[in-house]
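Asks: Sequence plus predicted model, see below.
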Amino acid sequence: MDEERMDELAGDPRFIPGVYNYCDRWCERCALASRCLNHAMEKEVFDNPEARDISNEAFWDKLHGVFAATLKMVKENNDPHEG
């Protein structure tokens, strides 16, 4: 997932800001899963069984991509020379 897609999802008004801070990782039982940004991102990034298997390289490649995009966004938002 790239930064543009993360920004797009984060700006979607259907998601409740910060609801994922109360997550117990039981999305299938959660009444707020459809309003959770974390759940939406997980479904999009890890969309197939192969991508959810931690012994598969595809899992680690996708996770690396999410972390790289997140780090880039954090650095951009904290750059004192911008804005």
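Replies: It's in. Numbers count the residues shown, from 1 in each chain.
Asks: same for the helix-or-strand element of the chain with minimal mean pLDDT, what does it pack against?
Replies: Lowest on mean pLDDT, DSSP states H and E among the helices and strands of the chain sits helix 49-52, with a mean of 74. Packing partners of helix 49-52 (3 or more CB pairs under 8 Å, 6 or more residues apart in numbering; DSSP states H and E): helix 57-77. Quick note: C-beta positions are derived from backbone N, CA and C, even for glycine.
Asks: Distance from the helix it packs on to the middle of the chain?
Replies: Centroid displacement of helix 57-77 relative to its chain, using CA atoms, centre = their mean, to the nearest Å, is 9 Å.
Asks: How about residues contacting the least confident helix or strand of the chain?
Replies: The contact list for helix 49-52 (CB atoms under 8 Å, 6 or more residues apart in numbering) reads 45-46, 56, 58-59, 62.
Asks: again with stretch 65-83
Replies: 1-3, 6-7, 41, 45.
Asks: how close does the closest residue to residue 27 other than its chain neighbours get to residue 47?
Replies: Using CB to CB, 6 or more residues apart in numbering and skipping the chain neighbours, the partner closest in space to residue 27 is residue 33 (4.6 Å). Counting by CB to CB, to the nearest Å, the separation of residue 33 from residue 47 is 15 Å.
Asks: rewinding a little: state the pLDDT value of the residue nearest to residue 27.
Replies: Looking at residue 33, its pLDDT is 93.
Asks: do the same with residue 20
Replies: Reported pLDDT for residue 20: 86.
Asks: List the residues that contact it.
Replies: Here residue 20 is in contact with 36-39 (criterion: CB under 8 Å, 6+ apart).
Asks: The same query, at a cut-off of 7 Å, please.
Replies: Listed by CB atoms under 7 Å, 6 or more residues apart in numbering, the contact partners of residue 20 are 36-38.
Asks: Quick one: buried ones out of the contacts of helix 49-52?
Replies: Among the contacts of helix 49-52, those buried by neighbour count (16 or more other CB atoms under 10 Å) are 45-46, 59, 62.
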